[in-house]
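Asker: Need the 3D shape of this:
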Amino acid sequence: MRGDRRYITTGSLRKLCDELAIPYIVLEKKRLFRQYNFPYDLSSPSLWKLATHVINEGSIPKATSSVTYVNEDPVLHWYFKKQVEATGGTYSGPHPRKRGAVMDSYADATVSRKLHAIGVPYVKKTVNQPTIDLSRMDEDTWRYHVQTTLSEEGFGMFLLDRRKGTLEMLVGWGRSYDITKNVPQDLVESLRPGTYTLEKIRDIGYDLFKTVIECYPPFLMKEYRELQRRHSMEVPLQLWPRPRPWALRVTKDGRLVSDWIFETTNRKLVTILHEYYGMLPGTWKAEAFDKRYDFYVAHLGKKLDDRALDELEEIKRRFPYKKYLRVG
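Answerer: Residues are numbered from 1 along each chain as shown. Predicted coordinates:
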């Protein structure tokens, strides 16, 4: 009433509109916003590419929170920054933690609301699985999704048949799913924190084992089926290995998290995953992936002699995956 101007929060503005029965769209039509343009462009390829980074290595605690991205590789923080700024968001980071090589980067809360609108969940992704529609990604965005996922959650490892002396390559990535709600509470409370292999789970009881092998991460299965769909003309469906569980983690706060993995040694699929997708250029894991793949191709179908075995061990020593390999 004094004619003063002050900023108003989105929540207060919504309450005001609700009290006065004003449709939200009227605010846009009357051009009342000066700082933002509404509605948000939710079809932006950069927003969908950013979603992959957040699904893999990020988090959004709640609607009013900024996006947090966590990784050890500074090049991946650069990719995250590039997509944040391309969506019109504000980036901060990377900020080193007090201990270890892990760094944090952030994007503003407006970006978090855009991401949530296309299917990136708030709070824990293991509990609230992403609902993003992968089929809506154009080919460039889908390719970036797989590249990024391989870089942040994936691997390309050697498998050596020591009896035959031949080499295979194992390529894939992992996802996790909280199955606490699917297990009886008394059984949940009886399990001590730690990681349980499938053999240990089977020893505990068939019901728990059955739950673990039946409750797959929905998002991993969506990725698997989308990959199948896009390459159905190149690789017959019967040659696609299905995702599988490989461990159960009991957290300190009593949650049961099932770790699943999609992996393949099929030569055609390995070639597609490296040649068509690969990992994001410039990242440490991309270099390790390339070195392994080059060695794999050079020795495909051959028995490895002592010199080749020494070269293989040197590649594994100089370009380790362990530092960056996490399933989450």
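Asker: rest of the way, CA atoms for contacts and neighbours
Answerer: OK.
Asker: how about the nearest residue to Gln129, chain neighbours excluded?
Answerer: Phe219 (6.4 Å; CA to CA, 6 or more residues apart in numbering).
Asker: Contacts for the helix or strand that contains Asp18 next, please.
Answerer: Using DSSP states H and E, Asp18 falls within helix 10-20. Helix 10-20 is contacted by residues Pro23, Tyr24 when judged by CA atoms under 8 Å, 6 or more residues apart in numbering.
Asker: can you dump the C-alpha coordinates of that helix into CSV?
Answerer: Provided in CSV are the C-alpha atoms of helix 10-20 (Å, rounded to 0.1, in the frame of the first residue of the first chain):
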residue,chain,number,x,y,z
THR,A,10,7.3,-18.6,-5.8
GLY,A,11,5.4,-20.3,-2.9
SER,A,12,3.9,-17.0,-1.8
LEU,A,13,3.0,-16.1,-5.3
ARG,A,14,1.2,-19.4,-5.7
LYS,A,15,-0.7,-18.9,-2.5
LEU,A,16,-1.8,-15.4,-3.6
CYS,A,17,-3.0,-16.8,-6.9
ASP,A,18,-4.9,-19.6,-5.1
GLU,A,19,-6.6,-17.1,-2.7
LEU,A,20,-7.7,-14.8,-5.6
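Asker: Output the below-cut-off pLDDT ranges for the stretch 51-200 of the chain.
Answerer: For the stretch 51-200 of the chain, no stretch has pLDDT under 70.
Asker: cool, and the stretch 201-328 of the chain?
Answerer: Within the stretch 201-328 of the chain, the stretches with pLDDT under 70 are 321-328.
Asker: Now do the helices in it.
Answerer: With DSSP state H, counting those that start in this stretch as the criterion, the stretch 201-328 of the chain has helices at 206-214, 218-230, 267-271, 284-298, 306-318.
Asker: How about the stretch 51-200 of the chain?
Answerer: 74-86, 109-117, 139-153, 185-190, 198-204.
Asker: roughly how far apart are the residue minimising distance to the centre of the chain and Phe319?
Answerer: By CA atoms, centre = their mean, the mean C-alpha position of the chain lies nearest to Asn56, the distance being 2.4 Å. Counting by CA to CA, to the nearest Å, the separation of Asn56 from Phe319 is 22 Å.
Asker: Repeat that for Glu189.
Answerer: Where Phe319 is concerned, Glu189 sits at a distance of 41 Å (CA to CA).
Asker: higher neighbour count, those two?
Answerer: Phe319 (18 against 12; other CA atoms under 10 Å).
Asker: Can you tell me the closest non-neighbouring residue to that one?
Answerer: Residue nearest to Phe319 in three dimensions, not counting chain neighbours: Ala288, with 5.0 Å by CA to CA, 6+ apart.
Asker: State the distance from that neighbour to Val270.
Answerer: Ala288 is 15 Å from Val270, by CA to CA.
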